[in-house]
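# Sequence and predicted structure, then a few things I'm wondering about:
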Amino acid sequence: MLLAFELYDFAAGNDADGGEAQPAPFDRRTAAREDLPYRVELWDAARSGVEQVLAVTANAGIGYAAYYAATREHPDRYITLRHKSLIVSRWNGPDN
């Protein structure tokens with residue numbers, strides 16, 4: 001009996017054509033901005049800046065689900081859902 005993981009060579013050092021495998025170039029700053037445009041941000045108490053980015057995603061539905069969960073987790077904080085530089089939705093907390 002052949003197991004599923006035996007079908008693949010996970011530790012191959014060469015590509016399929018017999019050449020040496022080269023890693024793909026990766027720029028973390030570019031990838032974060034282009035591939036994951038939705039961000040859920042938790043702001044500091046003074047609302048002067050983002051304290052923590054709670055989620056980043058490429059999908060609007062997942063972004064909104066993370067935003068909704070963040071409003072339930074932090075009901076007294078200012079939370080924003082952004083698409084690139086635009087605020088799509090904001091939670092002001094109970095005092096506003």
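Alright, I've got the coordinates.

# which stretches of the protein aren't confidently modelled?
The chain contains residues with pLDDT under 70 at 1-34, 95-96.

# Strands along that one, start to end?
Under the criterion DSSP state E, strands of the chain are mapped to 38-43, 50-57, 79-83, 86-91.

# Of those strands, flag the one that's most buried.
With neighbours defined as mean count of other Cβ atoms under 10 Å, these peak in mean count at strand 38-43, which reaches a mean of 21. Every residue, glycine included, has its C-beta placed from N, CA and C.

# Return the alpha-carbon coordinates of that one using PDB.
This file holds the C-alpha atoms of strand 38-43, laid out as PDB (Å, rounded to 0.1, in the frame of the first residue of the first chain):
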ATOM      1  CA  TYR A  38      -8.100  44.400   3.800                       C
ATOM      2  CA  ARG A  39      -6.900  45.300   7.300                       C
ATOM      3  CA  VAL A  40      -8.700  45.300  10.700                       C
ATOM      4  CA  GLU A  41      -7.000  47.800  13.000                       C
ATOM      5  CA  LEU A  42      -7.300  48.300  16.700                       C
ATOM      6  CA  TRP A  43      -6.600  51.900  17.700                       C
END
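
# could you dump the strands of the chain to a markdown table with distance to residue 68?
Listed next are those as a markdown table, based on distance: least, Cβ to Cβ, whole Å:
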| stretch | distance to residue 68 |
| --- | --- |
| strand 38-43 | 9 |
| strand 50-57 | 11 |
| strand 79-83 | 9 |
| strand 86-91 | 9 |
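
# So for residue 71, which of the ones you listed sits nearest?
Smallest distance to residue 71 across the strands of the chain (Cβ to Cβ): 4.4 Å, for strand 86-91.
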